[in-house]
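[1] A predicted structure for the sequence below; I have some questions about it.
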Amino acid sequence: AQKVTQAQTEISVVEKEDVTLDCVYETRDTTYYLFWYKQPPSGELVFLIRRNSFDEQNEISGRYSWNFQKSTSSFNFTITASQVVDSAVYFCALSDPYNNNDMRFGAGTRLTVKP
Amino acid sequence: DTEVTQTPKHLVMGMTNKKSLKCEQHMGHRAMYWYKQKAKKPPELMFVYSYEKLSINESVPSRFSPECPNSSLLNLHLHALQPEDSALYLCASSQDLGTGAFAGYTFGSGTRLTVV
């Protein structure tokens, strides 16, 4: 069975601090995809990144970076120099295109960035 | 057009009412999804449509009735709901099922439903 765990329910930081959101996943499959989505108060889920199980290369996009480690089944997300606009709920998700095609979400981490 | 549009944005309905949620996309996507999200919880899959046919029904009560009249439109018909059905209902789409699983979905901003 697939499972995604985001152990941090809420994180609060002050603007310009770096913050890391943890994501640990479980799956028996060798092919799978991991995602991060951002959900601002407006409600829509905004796609941030996708990573497949064969690509462990870390990725950086501006102030965002992701660390994928298959050995620890983790896909952590770091925001550098956080800003107030980063305040949102962040979801890590897992999908398996060869088993269930749906996406399973973690419980989410609510990030509050204070000015 | 790279959006999924959901209407209405907010809906309050009584337990005896019948209402419908609407979702529309013009990206040529052939897979569409309904998710339910309770407050402070992650989205939970309800239904999946692939090429206008119901592909997955995650044991959703019959008071929720999905409909996909064409490739661009997805409806969720609501009847005799309970207060515990109050939630954010999110629609999503992907190019197709397989693509969605590895490329991710495009989500709408949801309908906030309150059942009184």
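    Structure received.

[2] just the strands in chain A please.
    Residue ranges of the strands in chain A, as given by DSSP state E, are A:3-5, A:10-14, A:19-21, A:24-26, A:33-39, A:46-52, A:59-61, A:64-69, A:74-79, A:88-95, A:103-105, A:109-114.

[3] Output these in CSV; the columns should cover mean pLDDT.
    Shown next, in CSV, are the strands of chain A (pLDDT from 0 to 100):
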stretch, mean pLDDT
strand A:3-5, 95
strand A:10-14, 98
strand A:19-21, 98
strand A:24-26, 96
strand A:33-39, 94
strand A:46-52, 90
strand A:59-61, 87
strand A:64-69, 94
strand A:74-79, 97
strand A:88-95, 95
strand A:103-105, 87
strand A:109-114, 97
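
[4] between those, which gets nearest to B:K41?
    strand A:103-105 (9.1 Å; Cβ to Cβ). Placement of C-beta: from N, CA and C, glycine included.

[5] for chain B, what are the nearby residues on chain A?
    A:33, A:35, A:37, A:42-47, A:50, A:52, A:91, A:95-97, A:101-103, A:105-108, A:110 (Cβ under 8 Å from any Cβ of the partner chain).

[6] that older thread, so can I have JSON lines of the strands of chain A showing mean neighbour count?
    As requested, those are arranged in JSON lines below (neighbours: other Cβ atoms under 10 Å in any protein chain shown):
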{"stretch": "strand A:3-5", "mean neighbour count": "17"}
{"stretch": "strand A:10-14", "mean neighbour count": "13"}
{"stretch": "strand A:19-21", "mean neighbour count": "18"}
{"stretch": "strand A:24-26", "mean neighbour count": "16"}
{"stretch": "strand A:33-39", "mean neighbour count": "22"}
{"stretch": "strand A:46-52", "mean neighbour count": "16"}
{"stretch": "strand A:59-61", "mean neighbour count": "11"}
{"stretch": "strand A:64-69", "mean neighbour count": "17"}
{"stretch": "strand A:74-79", "mean neighbour count": "20"}
{"stretch": "strand A:88-95", "mean neighbour count": "24"}
{"stretch": "strand A:103-105", "mean neighbour count": "23"}
{"stretch": "strand A:109-114", "mean neighbour count": "17"}
